[in-house]
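Novice: what follows is a predicted protein model with its sequence.
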Amino acid sequence: MSRLLDAGLERLTTILLRMGEIAEETIELSIDGFLKGLDVSDRVRSLSETLVSMSVDAEDKAFELIAKYQPVASDLRIIKSYIKIAHDLERYGRYAWDISFIHKRLAQSERCEDPLVLIERMSGKVIDMVHASIEALRSHDVELAKTLAKTENEVDELYFQYLDFSAEASISTRCLVTNVLAVRYLERIADHATYMGESIVYIATGEKVVLR
Amino acid sequence: MSTKIETRDLSVSFGDVQAIKSISMKILANRATAVIGPSGCGKSTFIKSLNRMNELTLNSQTTGEVLLDGENIYGNNYDVVTLRKKVGMIFQKPNPFPKSVYDNVAYGPRVHGIHKKEALDRIVQENLKKAALWDEVSDRLHPSAMGLSGGQQQRLCIARTLAVEPEVILMDEPCSALDPIATAKIEGLMRTLSTEYSVVVVTHNMQQAARVSDYTAFLYLGELIEYGSTKDIFENPKNELTEKYLIGKFG
Amino acid sequence: MNIKLLKQRIYFQIFRITTASVILFLFLMIWTFISNGIGVIDWTFLTDIPRRGMTEGGIFPAIVGTIYLTLGAVAFALPVGVASAIYLVEYAHEGRLLRMINSAIINLAGVPSIVHGLFGFGLFVIFLNLGTSILSGSLTLFLMILPIVISASREALLSVPKSFREGSLALGASKWQTIRHNVLPYALPGILTGTILAVARAAGETAPIILTAAFFFRPTLPKSMLDGTMALASHIYYMATQHPNIALVRPLTYGSVLVLLGIVLSLNLVAIVIRTRHRRRKNW
């Protein structure tokens, strides 16, 4: 039995899934540029701005549904969570842009050294987490969402390792600062992926878990 | 938080038709409890069995217990008249008596032996104030109550019930016949009254249940499906049936 | 012209004529009695005793007798009838017994008045040895009009909405308190109307009182309930069929008829007025 609310929910879901696609593209592009020493900042900025405006749309839509339909139970959980998820996806775009920006500003978009290949490994996992979070969103897959906890630990590990390394490292100051900031941004992206996972678990089960 | 009314395996049938089956639940004192469910789920029958008004229907049979402050109201020695003084009821369609506003509110106290004018005057004013109606009728206490609007009539019925000093107030879909503004006023009353009395409200309007109650019971086909705090029920119901009903996927 | 419309018009005219003829008969009847009897009506006629073998004088004893008989009948019928109606409507359980009782009441209403008269004669006059008396007559009339009072009271009680009773009970009133304060007062106009109609009926009955209470000639007023009496209905019967000189006293007969008609019609009018006023003022 299709309800009046269902059409609205579908549109909201469509916005979020499209945001997911764009967010994936944005992060991959930004990290790619960073690791290879390419200037992708213009494109990344434009994508990030799209995500910002889409998240405003999503939030508006969610509030419209609340005002019109006074949703309860699972409907309420979905809408409440989608508002948070829209914010998480917008953050994906924002941190991707931060990486590109700092890469251009401080390192002139050049390739910086990564002797322990920490950054490359870290960004690989982060991209996986982003994919997982968006896939879990698409299919409301609780198990997949819960795996983010494990990966997040690994990302944190690499983050701490890099921080330790950076304290003793003897690379150029520009690259050092750029890298430290970049791993910081990567770690934040990972955090938001886990927030998304938590929201997805909440939608499906009503449980409020912590995936960190 | 004490239990005011407890039902144990309460079942009511009318002839061959079983209206409610084996309902066991505890209604807490000084809280508002909502009873929701689709049409025909037995909510009216349930609430009427709390003050034995279901006995007014022919061929009604009640089994199980209803304990008011620990005493079974269906017990042999329990006086129905005292019960109904303690447990008042507001009906779906406002039913003021075709007497004056004053005489409507004074009806209950008079029936229970209060006849002195000063006492009745005080009771009438006090309870019309409690029912948020005093300001609107203080200058027309003696004309007939039938001239009041629907919302005013229902508040009059509330004042009338309050005048006999009940401990529990049962409300059977009290707002169904009223417009949104009158409904809002009555809902406000439900909240304020629930601090002093134990209020049980039957409603087919889920949002109303969410707005006014502390606890909600969901009935379906005569059975109690789920009962819990209103926040829990409306945010995260445990039973699938409850979930389906709440989000409108019934039928 | 359209055949449908024509048929409709014809039917309408037929109904009109039928109704008009009924009203016409009524007026004819009233006119006959008025024109023939009005000449006789004067203060003496209404207050004097009959004289000279009832060829002169008045019908005062008959008027008084009718009043006593009907008052007596109502004195029994009103409390018994209302109490029965209250029991039947408020206390009795639905079921075969109740249906049988209601059926019996309707049947009692259909018993021919001569049968009531004979029954009264056998039970009150002979068996209970009350003799030909106002008491016997009143009791017989009481049985006759009881169904009317019960039916009217039942209707009146049933017309009080259930919600009044529910509302009262929900406040902790007992069943009797509810009936007394919240049902009966609203049924009263209906009960009153029914009673007045019953009185009008009792005033006009002939066979029952001839067999149980009435004398054709008694110039003195009755002194107690155990005394017999003259009465308007029986007097008319006697004057029109038994009197030695019917033709001579015909005007007096018409006069008596007019008095009785006057009483009965005014009672009916009062009942109608009460009913109409009650309906208009009824705000529930």
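Specialist: Good, I have the coordinates.
Novice: any idea how far residue B:140 is from residue C:284?
Specialist: For residue C:284, the distance to residue B:140 (CB to CB, to the nearest Å) stands at 18 Å. (C-beta placed from N, C-alpha, C; glycine too.)
Novice: for residue A:174, that is, sorry about that
Specialist: Look at residue A:174 and residue B:140: by CB to CB, they are 86 Å apart.
Novice: for the stretch 51-200 of chain B, which segments count as helices?
Specialist: B:80-86, B:101-111, B:117-130, B:134-137, B:150-162, B:180-196 (DSSP state H, counting those that start in this stretch).
Novice: okay, now the unreliable bits of the chain?
Specialist: Reading this off chain A. For chain A, the stretches with pLDDT under 70 are A:1.
Novice: can you look at chain C instead?
Specialist: C:1.
Novice: helices of that one, residue ranges please.
Specialist: C:3-37, C:43-47, C:60-86, C:96-110, C:113-120, C:134-158, C:162-170, C:175-178, C:184-204, C:207-212, C:232-237, C:246-281 (DSSP state H).
Novice: name the residues of the longest helix along chain A that are buried.
Specialist: Criterion DSSP H: the longest helix present in chain A is helix A:73-107. For helix A:73-107, the neighbour count (16 or more other CB atoms under 10 Å in any protein chain shown) marks A:73-104, A:106-107 as buried.
Novice: point out where chain B drops to low pLDDT.
Specialist: Short version for chain B, where the test is pLDDT under 70: B:251.
Novice: who in it is up against chain C?
Specialist: Contact residues, chain B versus chain C (CB under 8 Å from any CB of the partner chain): B:51, B:53, B:56, B:58, B:81-86, B:88-89, B:91, B:93, B:95, B:97-98, B:107-108, B:110-112, B:144, B:146-147, B:157, B:160-161, B:164.
Novice: which among the residues you listed count as buried?
Specialist: By 16+ other CB under 10 Å, these give B:51, B:53, B:83-86, B:88-89, B:91, B:95, B:97-98, B:107-108, B:110-112, B:144, B:146, B:157, B:160-161, B:164 as buried.
Novice: hang on, the earlier thing: just the helices of the stretch 51-200 of chain B: most buried one?
Specialist: Each of those was scored by mean neighbour count; the highest is helix B:150-162, a mean of 25, by mean count of other CB atoms under 10 Å in any protein chain shown.
Novice: show me where chain A has its helices.
Specialist: Remark: helices assigned in chain A by DSSP H are A:4-36, A:41-69, A:73-107, A:118-139, A:142-168, A:173-205.
Novice: how about those helices, which one is nearest residue C:98?
Specialist: helix A:73-107 (50.5 Å; CB to CB).
Novice: does chain B sit close to the closest one?
Specialist: Yes: residues of helix A:73-107 are located near chain B by CB under 8 Å from any CB, namely A:73, A:74, A:75, A:76, A:77.
Novice: need phi/psi at the closest residue to the fourth one other than its chain neighbours.
Specialist: This points to residue A:76. Closest residue to residue A:76 apart from its sequence neighbours, by CB to CB, 6 or more residues apart in numbering or on different chains: residue B:235 at 6.3 Å. Backbone torsions for residue B:235, taken as degrees, to the nearest 10, come to phi -100, psi -40.
Novice: residue B:235: neighbour count?
Specialist: 17 (other CB atoms under 10 Å in any protein chain shown).
Novice: give me the distance between it and residue B:227.
Specialist: 15 Å.
Novice: cool, residue C:262 as well?
Specialist: 73 Å.
Novice: coming back round to it: doesn't residue A:78 make contact with the residue nearest to residue A:76?
Specialist: No: under the criterion of CB atoms under 8 Å, residue B:235 is not in contact with residue A:78, lying 11.8 Å apart.
Novice: returning to that earlier point: mind checking which of the helices of chain A is nearest residue C:258?
Specialist: helix A:4-36 (78.0 Å).
Novice: buried residues, that closest one. List them.
Specialist: Quick answer for helix A:4-36 (16+ other CB under 10 Å): A:5, A:8-9, A:12-13, A:15-16, A:19-20, A:22-24, A:26-27, A:29-31, A:33-35.
Novice: leaving out sequence neighbours, find the closest residue to the residue of chain A found nearest chain B.
Specialist: Using CB to the nearest CB, the closest approach of chain A to chain B is made by residue A:206 at 3.6 Å. Excluding the flanking residues, the one nearest residue A:206 by CB to CB, 6+ apart is residue B:236, at 3.6 Å.
Novice: from residue B:58, how far off is the one you found?
Specialist: Distance from residue B:236 to residue B:58, by CB to CB: 42 Å.
Novice: near chain B, which residues of chain C?
Specialist: C:94, C:161, C:163-164, C:166-174, C:177, C:181-182, C:186, C:283-284.
Novice: if we use 6 Å, what do you get?
Specialist: With CB under 6 Å from any CB of the partner chain as the criterion, chain C comes near chain B at residues C:94, C:163, C:167, C:170, C:171, C:172, C:173, C:174, C:177, C:283, C:284.
Novice: so what's the residue nearest to the fourth one when sequence neighbours are not counted up against?
Specialist: This means residue C:170. Closest residue to residue C:170 apart from its sequence neighbours, by CB to CB, 6+ apart: residue B:89 at 4.3 Å. With contacts defined as CB atoms under 6 Å, 6 or more residues apart in numbering or on different chains, residue B:89 is in contact with B:51, B:170, C:170.
Novice: quick check, nearest of these to residue A:201?
Specialist: residue B:170 (40.6 Å).
Novice: list the beta-bridge partners for that closest one.
Specialist: Beta-bridge pairing for residue B:170 (DSSP bridges): residue B:89, residue B:200.
Novice: so who does it touch?
Specialist: Per CB under 6 Å, 6+ apart, neighbours of residue B:170: B:47, B:50, B:89, B:200.
Novice: of those, closest to residue B:222?
Specialist: residue B:47 (13.4 Å).
Novice: ok, the residue nearest to residue A:52 when sequence neighbours are not counted to residue A:62 distance?
Specialist: Leaving aside its chain neighbours, residue A:52 sits nearest to residue A:90 (5.7 Å; criterion: CB to CB, 6+ apart). From residue A:90 across to residue A:62, the span is 14 Å (CB to CB).
Novice: again, but for residue A:17
Specialist: 15 Å.
Novice: and residue C:30, by the same measure?
Specialist: 84 Å.
Novice: which of the two has more residues huddled nearby?
Specialist: The neighbour count for residue C:30 versus residue A:62, taken as other CB under 10 Å, is higher for residue A:62 (24 against 13).
Novice: surely the more buried one touches residue A:79?
Specialist: Yes: in this structure residue A:62 lies within contact range of residue A:79 using CB atoms under 6 Å: 5.1 Å.
Novice: off-centre distance for stretch A:201-212?
Specialist: Distance, stretch centre to chain centre, for stretch A:201-212: 18 Å (CA atoms, centre = their mean, to the nearest Å).
Novice: may I see the buried residues of it?
Specialist: By neighbour count on 16+ other CB under 10 Å, the buried set for stretch A:201-212 is A:201, A:202, A:203, A:204, A:206, A:211.
Novice: same question, stretch C:64-77
Specialist: Going by neighbour count (16+ other CB under 10 Å), the buried part of stretch C:64-77 is C:64, C:65, C:66, C:68, C:69, C:70, C:72, C:73, C:74, C:76, C:77.
Novice: with adjacent residues omitted, what lies nearest to the residue positioned nearest the centre of chain A?
Specialist: Geometric centre of chain A, nearest residue: residue A:92, 3.4 Å, by CA atoms, centre = their mean. Spatial nearest neighbour of residue A:92, chain neighbours left out: residue A:23 (4.0 Å); criterion: CB to CB, 6+ apart.
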